[in-house]
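J.: Give the three-dimensional model of this entry:
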Amino acid sequence: MLMTVDELKAYIDTDELEPALIARLDALELLIRKYANNNFQDRGFRVRASISCGIFMATGAVPFVSGDTIMVSQSQMMQGRLFTVKGVSEEAFSVNEPACDEAGVLVTKVEYPADIKLGAANIIGWQLKNAAAGSGDLSKREIQSETLSRYSVTYATDVTESDMDAFFGVPKKYVSFLRLYRKARF
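T.: Model prediction:
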């Protein structure tokens, strides 16, 4: 998981329901990983494991803690899948998502830098703000100018059509932090 809902709420103020925020975070995580062509793996936290009935049996000590995001690789059925660690014992751990039985997979911890988390929070904050402003509720929109005689109101906007990033659907300034993490595609 890119970040928890509590972490997100530390960056933005929203009344959005928790399941909706989780869905936004999951979708944005996949989009960031695809856009940057970067798995954000911390290879110092890696273990071989066999999966049976949703339990990962490690060949050594488990380097993960509850709440960590892990990625399965060298797998026939779950290549590149992300899981969230639920429980950990000395040589086994369980995950929140369903997993297929398989032997000899490589499991690596996924760790996102702080600027990725902040950038993701800014993207979600912009999306929520614009969704509220676009809903027809004029009280949510910022006013750029207002005249009194022959009453006229101009609402402020922080983006033009040419300034939108086609991949994310947000202004390009909100996506610029990802340039540092982009990897070449071969």
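J.: residue contacts, residue 122?
T.: By CB atoms under 8 Å, 6 or more residues apart in numbering, the contact list for residue 122 reads 11, 174. Glycine gets a C-beta too; all of them are placed from N, C-alpha and C.
J.: Does it lie in a helix or a strand, and which?
T.: Using DSSP states H and E, residue 122 sits in helix 114-133.
J.: can you list contacts of stretch 90-97?
T.: Residues contacting stretch 90-97 (CB under 8 Å, 6+ apart): 54-62, 64, 70, 81, 83-87.
J.: now those residues: which count as buried?
T.: For these, a burial check counting by 16 or more other CB atoms under 10 Å picks out 55-56, 58, 62, 64, 70, 81, 83, 85.
J.: what's the closest non-adjacent residue to residue 2?
T.: Of all residues not flanking residue 2 in the chain, residue 29 sits nearest, at 4.0 Å (CB to CB, 6 or more residues apart in numbering).
J.: what element comes up after whichever strand or helix holds that neighbour heading to the C-terminus?
T.: Element membership for residue 29, per DSSP H and E: helix 18-36. Later in the chain than helix 18-36, the nearest helix or strand by DSSP H and E is strand 41-52.
J.: how close does the residue nearest to residue 59 when sequence neighbours are not counted get to residue 80?
T.: Excluding the flanking residues, the one nearest residue 59 by CB to CB, 6+ apart is residue 48, at 4.6 Å. Using CB to CB, to the nearest Å, residue 48 is found at 17 Å from residue 80.
J.: Looking at those two, which has the bigger crowd around it?
T.: residue 48 (15 against 10; other CB atoms under 10 Å).
J.: what residues are up against the more buried one?
T.: Contacts of residue 48 by CB under 8 Å, 6+ apart are 58-60, 104-107.
J.: before we move on, back to that, give me the helices and strands touching the helix holding residue 29, please.
T.: Secondary-structure packing of helix 18-36 (3 or more CB pairs under 8 Å, 6 or more residues apart in numbering; DSSP states H and E): helix 5-11, helix 114-133.
J.: what would those look like in TSV with distance to residue 184 and mean pLDDT?
T.: TSV is the format used below for these (distance: least, CB to CB, whole Å; pLDDT from 0 to 100):
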stretch	distance to residue 184	mean pLDDT
helix 5-11	30	94
helix 114-133	19	89
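J.: from the ones you listed, which stretch is densest packed?
T.: helix 114-133 (a mean of 17; mean count of other CB atoms under 10 Å).
J.: tell me the angle that helix makes with helix 18-36.
T.: 120 degrees (axes from the mean of the first three to the mean of the last three CA atoms, to 10 degrees).
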